[in-house]
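Undergrad: What follows is a protein structure lacking sequence information:
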């Protein structure tokens, strides 16, 4: 039944997009975090998507869902600020801001929520098609 | 004359199967819209339908030892016939060729066509039922 497979595929998309939403929320929440060393500072996190590997048992189709391969931390430069009065300042008087780019995160959030909606619509359409098929010949 | 389901349903019994498979391919494209390096795929409806029809009439690899045995398996053809789509944008930077809007509209169109095929099948069934009941 390929239509049931459509439901599986869109489910993988929904969970991948919600992971993306999750990292965005975490990034935005920590956008203003500061710390006293560059190692401890929060770095922006982004999920990496990859096409799901074909299941060995399923030779009939090569249509695949998506999965989250890993979550990487951004390598962007941290913002150092000279604030000797800050309680978190290091011995040279610097504090470190996280490297979250708020604009980028907002755009990411919109993109993730639209993709999620698309997947919901696909699942809904597949459900409708299945329902009609089940009703076939009844009237 | 005996009622022949094969003849009564005509092409529509195969086209629903092919439409369902195409729906799967398109949904896979949409889901991977953000996957780096993913190439959008589609199937050639005509070859796919021909494959489905020929394998349907070939009775697969089942042995029929009695003339009253019926072949009841819809075997859809495999991956060789799915092809990659030619994008209308050279590169988006990460090697992904999925155009979400195009795929979404194709999926919608495909599901309407699926339902059209179902409607045809439905009316064939109600015709048969009328013939059986004689009303």
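TA: Sure thing, it's come through. Quantities reported herein were computed from a predicted structural model and do not represent experimental measurements. Numbering: from 1, shown residues only, chains lettered A, B, ... in the order given.
Undergrad: for the lengthiest helix in chain A, which positions count as buried?
TA: Determined from DSSP state H, the single longest helix within chain A is helix A:102-134. By 16 or more other C-beta atoms under 10 Å in any protein chain shown, the buried positions in helix A:102-134 come out as A:105, A:108-109, A:111-112, A:115-116, A:118-119, A:122-123, A:125-126, A:129-130, A:133. (C-beta placed from N, C-alpha, C; glycine too.)
Undergrad: do stretch A:81-88 as well
TA: Buried residues in stretch A:81-88, counted by 16+ other C-beta under 10 Å: none are found.
Undergrad: pLDDT (mean, whole number) over that stretch?
TA: Here stretch A:81-88 scores 89 as its mean pLDDT.
Undergrad: can you list the residues of chain B near chain A?
TA: B:16-17, B:20-21, B:23-25, B:27-28, B:30-36, B:38, B:41, B:76, B:78-79, B:82, B:100, B:104, B:107-108, B:111, B:114-115, B:118, B:121-122, B:125-126, B:129 (C-beta under 8 Å from any C-beta of the partner chain).
Undergrad: same thing but at 6 Å, please
TA: Residues of chain B found near chain A (C-beta under 6 Å from any C-beta of the partner chain) are B:20-21, B:23-25, B:27-28, B:31-32, B:34-35, B:38, B:78-79, B:111, B:114-115, B:118, B:122, B:125.
Undergrad: Of the residues you listed, just the buried ones, PyMOL syntax please.
TA: In PyMOL, a selection of the buried entries from those looks like this (16+ other C-beta under 10 Å):
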select buried, chain B and resi 20+21+23+24+25+27+28+31+32+34+35+38+111+114+115+118+122+125
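Undergrad: which residues sit in contact with residue A:80?
TA: Counting by C-beta atoms under 6 Å, 6 or more residues apart in numbering or on different chains, residue A:80 touches A:94, A:96.
Undergrad: cutoff 8 Å now
TA: Residue A:80 makes contacts with A:94-97, as judged by C-beta atoms under 8 Å, 6 or more residues apart in numbering or on different chains.
Undergrad: Tell me if whichever helix or strand residue A:15 is part of is near chain B.
TA: Element membership for residue A:15, per DSSP states H and E: helix A:2-29. Yes. Using C-beta under 8 Å from any C-beta, helix A:2-29 reaches chain B at A:2-3, A:5-6, A:9-10, A:12-13, A:16-17, A:20.
Undergrad: element containing the residue nearest the centre of chain B?
TA: In chain B, the residue lying closest to the centroid (C-alpha atoms, centre = their mean) is residue B:18, at 0.8 Å. For residue B:18, the element it lies in under DSSP H and E is helix B:12-31.
Undergrad: Kindly confirm my reading that residue A:81 is in a strand.
TA: Yes. Per DSSP: H, G, I helix; E, B strand; the rest coil, residue A:81 lies within a strand segment.
Undergrad: That one contacts residue A:95, correct?
TA: Yes. Contact criterion C-beta atoms under 8 Å: residue A:81 and residue A:95 qualify, at 5.5 Å.
Undergrad: re the thing from before, which strands and helices lie in contact with the helix holding residue B:18?
TA: Contact partners of helix B:12-31 among helices and strands, from 3 or more C-beta pairs under 8 Å, 6 or more residues apart in numbering or on different chains; DSSP states H and E: helix A:2-29, helix A:102-134, strand B:41-43, helix B:45-57, helix B:100-133.
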